[in-house]
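Student: Okay, structure incoming, though there's no sequence with it:
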């Protein structure tokens, strides 16, 4: 099967593709990944050696100029299933439909920065335009499923809602003393670590967390001796966040190491995980934090409210609300027993509702069902 994404780089959507490839039984499907722009070193997270990666180096604007090239590549591969993800790659369904009789699946993982509430009618019309070329849709959250039905006009029977799954063996609560982490410098007698993980770009709004951290310490300056901030990830907001912390005189209390391969180890050191995004589908990093047994503070956008049960596994705040997020962090800090109970419930939720095997099985069942419906031969690529 062929997975089509905009860019194959560090991110929740791409991490979901990696998890699907790595954990689907090898006898079920062989995989290939096509990126409209670039394939980065993120490809190394794929275990199998027979996965083909293709980068088309698309420039800005519509991608119809790629149609002849995509048509030729698809004709050569003859995939049984083609799965595009999010709006950018959706238009490639036209070239795929012209090239072969593959089952065509499209996934909606989250919103664009210029459409955080799903009200952009131009983007609704674009999705409606390409709808005839898609056999089945996957919505990662109930909120996205509702959007496809009510705003885009996709029949509900064409949509499957599948939550992301998390590797609960890789991401798990800390047992025993924490090991050393290269570059770690957040020393304190008994540090309390608040952190986040994700690409540092506008839609993730890490500056909100930085400003909330600063605001909380203005309200409670005595906490400077124990509060520490970790932000894992690289991107254009990194310098803006550094400036916020430096201007407040708090840069020494924060660690911004960029991208890291040891995210589970870093998460295990946190006491509270924060996702300050402007929009989200179903966040892999929230699920990873829950699997590590952490209470979560998240903005109440997209599918976050489907993961974070306010008062049980964490707290929800309005997007962009600096004081609201600061107060939520103080609530978590001031009630350590409640925070531990939230973290324990988060872990139970992952084990019961968001397991990686359940996600993989749901996708495999969807692909198998559509292949059977299409009368496709048993060879699966």
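Tutor: Yes, it's here. Since we're looking at a predicted model, the values are computed, not measured.

Student: and the residue of the chain most remote from its centre, what pLDDT?
Tutor: Residue farthest from the centre of the chain, counting by C-alpha atoms, centre = their mean, is residue 222 at 35.0 Å. Looking at residue 222, its pLDDT reads 97.

Student: List phi and psi for it.
Tutor: phi -70, psi -20 (degrees, to the nearest 10).

Student: how far away is it from residue 231?
Tutor: Computed as C-beta to C-beta, to the nearest Å, the residue 222 to residue 231 distance reads 23 Å. Every residue, glycine included, has its C-beta placed from N, CA and C.

Student: what residues are up against residue 344?
Tutor: Counting by C-beta atoms under 8 Å, 6 or more residues apart in numbering, residue 344 touches residue 293.

Student: same thing but at 10 Å, please
Tutor: By C-beta atoms under 10 Å, 6 or more residues apart in numbering, the contact set of residue 344 is 173, 293, 295, 313.

Student: In three-state terms, label the closest residue to the first one other than its chain neighbours for me.
Tutor: If you skip the residues right next to it in sequence, residue 173 has residue 293 as its closest partner in space, 3.6 Å away by C-beta to C-beta, 6 or more residues apart in numbering. Taking DSSP: H, G, I helix; E, B strand; the rest coil as the rule, one finds residue 293 in the coil state.

Student: Can you give me the separation between residue 293 and residue 264?
Tutor: 12 Å.

Student: Between those two, which has more neighbouring residues?
Tutor: Set side by side, residue 293 and residue 264 show more neighbours around residue 293, with 22 against 17, by other C-beta atoms under 10 Å.

Student: which residues touch that one?
Tutor: Applying C-beta under 10 Å, 6+ apart, the residues near residue 293 are 171-174, 267-268, 270, 340, 342-348, 350.

Student: Got a quick PyMOL command for the buried subset of the residues you listed?
Tutor: Under the burial definition 16 or more other C-beta atoms under 10 Å, those of the contacts of residue 293 that qualify are selected in PyMOL by:
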select buried, resi 171+172+267+268+270+342+343+345+346+347+350
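
Student: Which two among the contacts of residue 293 are spaced furthest apart?
Tutor: 270 and 348 (18.5 Å; C-beta to C-beta).

Student: any chance you could map the helices in the stretch 51-200 of the chain?
Tutor: With DSSP state H, counting those that start in this stretch, the ranges of helices along the stretch 51-200 of the chain come out as 67-77, 87-90, 92-99, 121-130, 142-147.

Student: Would you indicate which residues of the fourth one are buried?
Tutor: When you say that, I think you mean helix 121-130. Buried residues in helix 121-130, counting neighbours by 16+ other C-beta under 10 Å, are found at 123, 124, 126, 127, 130.

Student: All the strands of this protein, in order from the start?
Tutor: 2-5, 32-35, 52-55, 81-85, 103-108, 136-139, 159-161, 192-197, 227-232, 254-258, 272-275, 296-299, 314-317 (DSSP state E).

Student: closest one to residue 283 among these?
Tutor: Across the strands of the chain, closest to residue 283 is strand 272-275 (C-beta to C-beta), at 5.7 Å.

Student: now that closest one: how far from the chain's centre is it?
Tutor: When distances are taken as C-alpha atoms, centre = their mean, to the nearest Å, strand 272-275 is centred 14 Å away from the chain's centroid.

Student: elements contacting that strand?
Tutor: strand 192-197, helix 206-219, strand 227-232, helix 284-291, strand 296-299, strand 314-317, helix 322-334, helix 336-353 (3 or more C-beta pairs under 10 Å, 6 or more residues apart in numbering; DSSP states H and E).

Student: got the ones you listed as CSV, with distance to residue 150 and mean pLDDT columns?
Tutor: Below are these laid out as CSV (distance: least, C-beta to C-beta, whole Å; pLDDT from 0 to 100):
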stretch, distance to residue 150, mean pLDDT
strand 192-197, 31, 97
helix 206-219, 29, 98
strand 227-232, 36, 97
helix 284-291, 25, 96
strand 296-299, 22, 98
strand 314-317, 23, 98
helix 322-334, 28, 98
helix 336-353, 25, 96
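
Student: Would you mind putting those into a markdown table with distance to residue 15 alongside?
Tutor: Below are those laid out as a markdown table (distance: least, C-beta to C-beta, whole Å):
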| stretch | distance to residue 15 |
| --- | --- |
| strand 192-197 | 11 |
| helix 206-219 | 18 |
| strand 227-232 | 13 |
| helix 284-291 | 5 |
| strand 296-299 | 17 |
| strand 314-317 | 21 |
| helix 322-334 | 25 |
| helix 336-353 | 15 |
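
Student: With respect to residue 38, which of the ones you listed lies nearest?
Tutor: Closest to residue 38 of the helices and strands packed on strand 272-275 is helix 284-291 (C-beta to C-beta; 20.4 Å).

Student: Go through the closest one and flag the buried ones.
Tutor: Those would be 284, 285, 286, 287, 288, 289, 290, 291, for helix 284-291 by 16+ other C-beta under 10 Å.

Student: so what's the fifth one up against?
Tutor: Right, residue 288. By C-beta under 10 Å, 6+ apart, residue 288 lies in contact with 12, 15, 164, 166-168, 170-171, 197, 263-264, 267, 273, 294, 350.

Student: which of those residues lies closest to residue 81?
Tutor: residue 164 (19.0 Å).

Student: and the gap between that closest one and residue 70?
Tutor: Separation of residue 164 from residue 70 (C-beta to C-beta) stands at 27 Å.

Student: for residue 1, same thing?
Tutor: Taken as C-beta to C-beta, the span from residue 1 to residue 70 is 15 Å.

Student: Correct me if wrong: residue 244 contacts residue 207.
Tutor: Yes. The criterion here is C-beta atoms under 10 Å, and residue 244 meets it with residue 207 at 6.0 Å.

Student: Overlap of the contact sets of these two?
Tutor: residue 237.
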